[in-house]
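[1] prediction below, plus the sequence it came from.
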Amino acid sequence: MNYRLIIVLFLGLVFFSCENEEKDKVIEQVEEEIAIEENLFFNINVDTLDIETYRVKKNENISDILSDHGIAYSSILELVKNSKDIFNVKKVRRGNNYHILKSNDTVSKCEYMIYEKNRVDYVVFQFGDSVSAWEGAKEVQRVLDTVSGVVESSLWVALKKKNANPQLAMELSDIYSWTVDFFGIKKGDHFNVLFEHLIVDEDTIGIGNIYAANFNHYSTDYQAYYFVQDSIGEFFDEQGNSLRKTFLKAPLRYSRISSGFSNNRFHPVLKRYRPHHGIDYAAPTGTPVYTIGDGTVIKKGYQKNGGGNYIKVKHNANYTTVYMHLKGFAKGMRVGKRVKQGDLLGYVGATGLATGPHLDFRVYRNGVAINPLKMKSTPAKPVDSAHWHEYKELVDSLEMYVDQDNSVVDSIQ
């Protein structure tokens, strides 16, 4: 809230409605209110307090800090007890700021300690007849901005050249994770983004929401607009289609799971225990095997250590899937081929170390094997017809900010 603006407007009204003597009284009262407002520090009135600011040193704990500022050990024990449900004092971290507020009289007694957990959140410890603690948060301002650029080597470098927060690269990679392979972007790809700066104490601490974006990849525009329907926020293209595509529940129509995901399974051929980081689907020889999602074939061949004929598909920057023990591959299947969800990859077989025909199906997230049965798959629900008019108005209002024919918009406020 802009308190100064409210005060100025209030004074303007006063001058039109009060006599001179009354004006002086009102002005004096307002000036006192301004003084009080300006003397708040972490919402504490510091008119009679001195402020000392420090950083937590290596191996320094809250007992060390408070002892150095005259707090008795009994009060420190009381603080630990009274604040345990608010803040774990053992989590005071090296390098974080803290402030000691002392009375500015001859005694100079410590009355408050304020520990900044991060750039926004803090905890206050008050010392008096008893010790109390509470949490607080600084006001975070959200300022809209746009950035556009052309990729020469990487998206991260392109953003740095525009003095934009490189965190945007991660956010865009997530938004377009099912549409654009950010490990495969090429020189000349370009982008426009409408987003928020997060500002605390006049410093930018990060980025907030992204409202709209356009990424041009291989001369094709991929627009994204953030829209909330049924209390769920999601990114959609200009036609209202979700940018997130769901995975198929399974890569084939199977009769049963013959072996589950395990870190210590007894191998039926090797006769010893070892990890089995996949799901075995028992199915007749020749059963079609399909890709569970859009992606690119990055490996295809014969795995000598037991997997037999296999195909590996990269879906986005986070997910890859592997299909093993195949009898053979679908026609035209090769490394580098783009596949769509449900495309035929090959056929169930028993190649490699296998006692019978089955598909060994594996999923990797960021290079780590995960249980395919527990993989979360975001529904790809488009904008509902009941919300279409509202969504179309949103797209029309934001399209100018991500139009690739426009340069960065200097002001959008």
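    Arrived safely.

[2] tell me, how many residues neighbour the residue lying closest to D189 once chain neighbours are set aside?
    Spatial nearest neighbour of D189, chain neighbours left out: V151 (4.4 Å); criterion: C-beta to C-beta, 6 or more residues apart in numbering. Where you see a C-beta, it was placed from the backbone N, CA and C, and this is true even at glycine. By the criterion of other C-beta atoms under 10 Å, V151 has 21 neighbours.

[3] then the one 4 residues further on?
    Each residue near L155 was counted by other C-beta under 10 Å, and the total is 21.

[4] can you tell me the closest non-neighbouring residue to it?
    Excluding the flanking residues, the one nearest L155 by C-beta to C-beta, 6+ apart is A169, at 4.6 Å.

[5] before we move on, back to that, distance of the residue nearest to D189 from N214?
    As for V151, its distance to N214 is 13 Å (criterion: C-beta to C-beta, to the nearest Å).

[6] equivalent analysis for A282, please.
    As judged by C-beta to C-beta, A282 and N214 stand 46 Å apart.

[7] tell me which of these two has more neighbours.
    Of the pair A282 and N214, N214 is the one with more neighbours under other C-beta under 10 Å, namely 22 against 16.

[8] strands along the stretch 251-400 of the chain, start to end?
    Secondary structure of the stretch 251-400 of the chain by DSSP state E, counting those that start in this stretch: the strands cover 256-259, 262-266, 273-276, 279-282, 288-290, 295-303, 308-314, 319-329, 338-339, 344-348, 358-365, 368-370.

[9] for the fifth one, packing partners?
    With contacts taken as 3 or more C-beta pairs under 8 Å, 6 or more residues apart in numbering; DSSP states H and E, strand 288-290 sits against strand 344-348.

[10] tell me the mean pLDDT for the strand it packs on?
    Strand 344-348 comes out with an average pLDDT of 96.

[11] pull out the buried residues from it.
    Residues of strand 344-348 classed as buried by neighbour count (16 or more other C-beta atoms under 10 Å): 345-348.

[12] do stretch 42-53 as well
    42, 44, 46, 49.

[13] which residue is the nearest non-sequential neighbour of the last one?
    So that's L49. L101 (4.6 Å).

[14] what about the residue nearest to the spatial centre of the chain, helix or strand, and which?
    The residue lying closest to the centre of the chain (C-alpha atoms, centre = their mean) is E171, at 7.0 Å. Here E171, judged by DSSP states H and E, is contained in helix 167-175.

[15] domain ranges for the protein, per the record?
    1-38, 44-137, 140-245+381-413, 256-374 (automatic domain parsing).

[16] ok, of these, where does mean pLDDT dip lowest?
    Note on these: domain 1-38 shows the lowest mean pLDDT, a mean of 48.
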